[in-house]
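In: here is the input, now give the coordinates:
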Amino acid sequence: MTGFVEVPLLPDSDASDGGRFDYAVAGAVRSAFESAASRLEEHAGSRVSFVSAAKEDFRGHFSELFAANAATAKTDADALVAALRTVAGYVGKMIEAGHEEDVRRQRNNEWVREHNDRNWFEQAGDWLFGEEERPNAQ
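Out: Model (predicted):
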């Protein structure tokens, strides 16, 4: 009998098994980034009307400076919204990758249990004809 061991799934892992990954925390982080992006878009949209109203009664150098600052704020807000959504997307990809890794670990663990529970007759057959390849051997 060989000493293959099972690998814990990511939420049950410690640093020696690839690290702990908490799906609930990752989902909350993704939601927080998406929510922040949405709130920023909402505020940026309402700000446009305030800027337009202010331009009506505001003239001269400072009105031009105000308009330039408002345009910069809109550009920066758009860039920040895009960055927040990008990070939320990356977190989503990490969640998907975590689920895929858990599926790989489950397949591996099933193979390990079956492999370690074989009787001497099955072990002899493996020695003569070769054994089934381990799922994560690639």
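In: residues contacting residue 94?
Out: Applying Cβ atoms under 8 Å, 6 or more residues apart in numbering to residue 94 gives the contacts 21, 26. Where C-beta positions appear, they are placed from N, C-alpha and C, glycine not excepted.
In: lowest-scoring secondary structure element of this protein by mean pLDDT?
Out: Across the helices and strands of the chain, mean confidence by mean pLDDT, DSSP states H and E is lowest for helix 120-129: a mean of 72.
In: where's it relative to the chain centroid, distance-wise?
Out: Mean-position distance between helix 120-129 and its chain equals 43 Å (Cα atoms, centre = their mean, to the nearest Å).
In: pull that helix out as PDB, backbone CA atoms only.
Out: These are the backbone C-alpha positions of helix 120-129, laid out as PDB (Å, rounded to 0.1, in the frame of the first residue of the first chain):
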ATOM      1  CA  TRP A 120      -3.400  -7.200  -2.600                       C
ATOM      2  CA  PHE A 121      -5.000  -8.700  -5.600                       C
ATOM      3  CA  GLU A 122      -5.700  -5.300  -7.100                       C
ATOM      4  CA  GLN A 123      -2.200  -4.100  -6.300                       C
ATOM      5  CA  ALA A 124      -0.800  -7.100  -8.000                       C
ATOM      6  CA  GLY A 125      -2.900  -6.300 -11.100                       C
ATOM      7  CA  ASP A 126      -1.500  -2.800 -11.100                       C
ATOM      8  CA  TRP A 127       2.000  -4.100 -10.900                       C
ATOM      9  CA  LEU A 128       1.400  -6.400 -13.900                       C
ATOM     10  CA  PHE A 129      -0.800  -4.200 -16.100                       C
END
